[in-house]
Structure formats: C-alpha cells, structure tokens
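Asks: With the input below, show me the fold.
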Amino acid sequence: MLAIKNLSNRIYQVDIVRGIACVSMPIFHTVYNLYALGLISEPLTRSLFWVVYQKIGLGTFVFVSGMSFILSTQNGVNWPQLNRRLLKLGGIAAAISLITWLVFPDKFVKFGVLHFFTAALLLAPFFKQLKYWALIPAAIILITYAIVGKGGLVSNLWLYPFGLMSHRPSSVDYIPLIPWFGVFLLGMVSAYSLVGRVSKTTPATWMKPLIWLGQHSLFFYIAHQIVVYGVLMAIALLIKSF
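Replies: Numbering: from 1, shown residues only. Next up is the predicted model:
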C-alpha cells in the first residue's frame, strides 16, 4: 500500500507476500461483517483464532510495506511522488472517516488502516536516515506496547493515534502507531539486505495474480471493503424481506 512504483527494481517475491496478505483481508472482513450485519449471532472475530489471524495478516502487510518503502527509494526519495502519494492516501483516509461517520456515527473510523499508512509514509523518510539504527526506535515502540498494552496511559484524545489513550472511543477500524509503526520500521531495516537486488527468475504463472494484488494493494483494499460489505448487506436485507 505504501510502495512507490519503480518497476525496474521490483523484487516480485515481496509483491507475492503482500498479495497473500491482501487475500487475508476479505476473509476476515467477511466474518466480521457477518456479525455486524446480524447474519450470525456470535462475534467470531473476538475469538483467539481470528484475533491471531488478523494480527498476522495486518503485521505481514505492515512489515512488507516498510520493506517496500526502502526498496522503492533506494536511489533517494522522490519527494513530488511521495507528496502525491501522501495526498492520495490522506484524502481517501479522510473520506473513509466521513463515510463511516455517516453510517456508524458511534464508532466511525478515526485512525484506521489508511490513516496509519499515511502517518507511516510521512514519518518513513526521516527514519530512513537511521538505516540499521532504526532498530532502536522499533524496539522502543514495541517495548512500550508490551508495557502499556491496550490499556493506554491517560484519557487524552491527542494520544489516540499513538495507541496510548485510555478509555478510547469505539471504532470499526483502529490501527495505532504503537505497536504497528514498530513493525513498519522492522520491515524497513530488513529491506537493506535486499537493496540493489532485482528478481532474476521469471515468476510462475500461478504467482501472477498474487503479484498483481501486491502491486495494486490500495485499490484492492478499497474495492474489497465495498464488495464484501455490499454483498452481505444485500443478503441481510433479502433475508429481512421474507
């Protein structure tokens, strides 16, 4: 989702991993929306299996996005391109907040996936200068989360994006900087071992759909949300009509 296109230097294996993470999205959101729309009576996504499933899928996506930022800026940050990407992500994030506020006023998205990636993309160029030393802030972020956990510190709205707000408002999507920017930084650091490498082999045919997903993750993220929610809502309305 954060990859800045540079097709001549792409490592397709990275796109495949991101594509696999994309596939996990509609599966989780289908199960989540089944309960949200009243099609099932139990909130299955609160069970241990689905909590772990969601964390692994999101963590993989965030980690690979950190890798992609380094790989796509190995010859320097293209600031005009980066600014366009920031405006695009930030604009879509704002639109999601507005739409969810209209649909779910009590639990609209205040700092969700795209808000997080907008913030991560804004911060990434500065942490890029640290190179391997970025392991230190990554460790601090993850240790902070391990100590503070989900409970937060104080009930201050300004701490909400950082995951440090206690008694935080409800939201249908919440991806705070702590711990997830720590995962993003780990992805950035790991990418330095791949800098300068380009895939020499030709990907197998079965890999190509996953590669495409990995290269178009933002489009897929938005489209799958609309399709999954739209289809399940239509089913819910059809059932209620009988």
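Asks: List the contacts of stretch 19-36.
Replies: The contact list for stretch 19-36, computed with CB atoms under 8 Å, 6 or more residues apart in numbering, reads 39-45, 50, 53-54, 56-58, 60-61, 64, 172, 209-214, 217, 220-221, 224-225, 227-229, 232. For glycine as for every other residue, the C-beta is placed from the backbone atoms N, C-alpha and C.
Asks: pLDDT score for residue 8?
Replies: For residue 8, the pLDDT comes out at 46.
Asks: circling back: could you turn the buried ones of the contacts of stretch 19-36 into a PyMOL selection?
Replies: Buried members of the contacts of stretch 19-36, defined by 16 or more other CB atoms under 10 Å, are picked up in PyMOL with:
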select buried, resi 45+50+53+54+57+58+60+61+64+172+210+211+213+214+217+220+221+224+225+228+229+232
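Asks: In helices, which of the contacts of stretch 19-36 fall?
Replies: Using DSSP state H, the subset of the contacts of stretch 19-36 located in helices is 50, 53-54, 56-58, 60-61, 64, 209-214, 217, 220-221, 224-225, 227-229, 232.
Asks: Now for the residue nearest in space to the middle of the chain: which residues touch it?
Replies: Centroid check for the chain by CA atoms, centre = their mean gives residue 113 as the closest residue, at 4.6 Å. Residue 113 sits next to 1, 58, 173, 175, 221 when contact means CB under 8 Å, 6+ apart.
Asks: Quickly name whichever of the residues you listed is closest to residue 99.
Replies: residue 173 (11.7 Å; CB to CB).
Asks: Let me know the distance separating that closest one from residue 96.
Replies: As judged by CB to CB, to the nearest Å, residue 173 and residue 96 stand 8 Å apart.
Asks: list the residues that contact both of the two?
Replies: In contact with both residue 173 and residue 96: 109, 112, using CB under 8 Å, 6+ apart.
Asks: so where is this structure shaky, pLDDT-wise?
Replies: Counting by pLDDT under 70, the ranges of the chain that qualify are 1-9, 198-200.
Asks: how about the helices of this protein, start to end?
Replies: Along the chain, counting by DSSP H, helices occupy 12-36, 48-72, 79-103, 113-128, 135-148, 177-191, 208-215, 217-241.
Asks: Quickly compare those and say which is most buried.
Replies: Compared across the helices of the chain, helix 177-191 shows the largest average neighbour count, a mean of 23 (mean count of other CB atoms under 10 Å).
Asks: and it, how far from the chain's centre?
Replies: Distance of helix 177-191 from its chain centroid, counting by CA atoms, centre = their mean, to the nearest Å, is 12 Å.
Asks: which helices and strands sit right next to that helix?
Replies: Contact analysis of helix 177-191 by 3 or more CB pairs under 8 Å, 6 or more residues apart in numbering; DSSP states H and E lists helix 48-72, helix 113-128, helix 135-148 as its packing neighbours.
Asks: Run the angle between that helix and helix 135-148 for me.
Replies: Counting by axes from the mean of the first three to the mean of the last three CA atoms, to 10 degrees, helix 177-191 lies at 150 degrees to helix 135-148.
Asks: For residue 35, see how far away the nearest residue to residue 53 once chain neighbours are set aside is.
Replies: Using CB to CB, 6 or more residues apart in numbering and skipping the chain neighbours, the partner closest in space to residue 53 is residue 28 (6.3 Å). According to CB to CB, residue 28 stands 12 Å off from residue 35.
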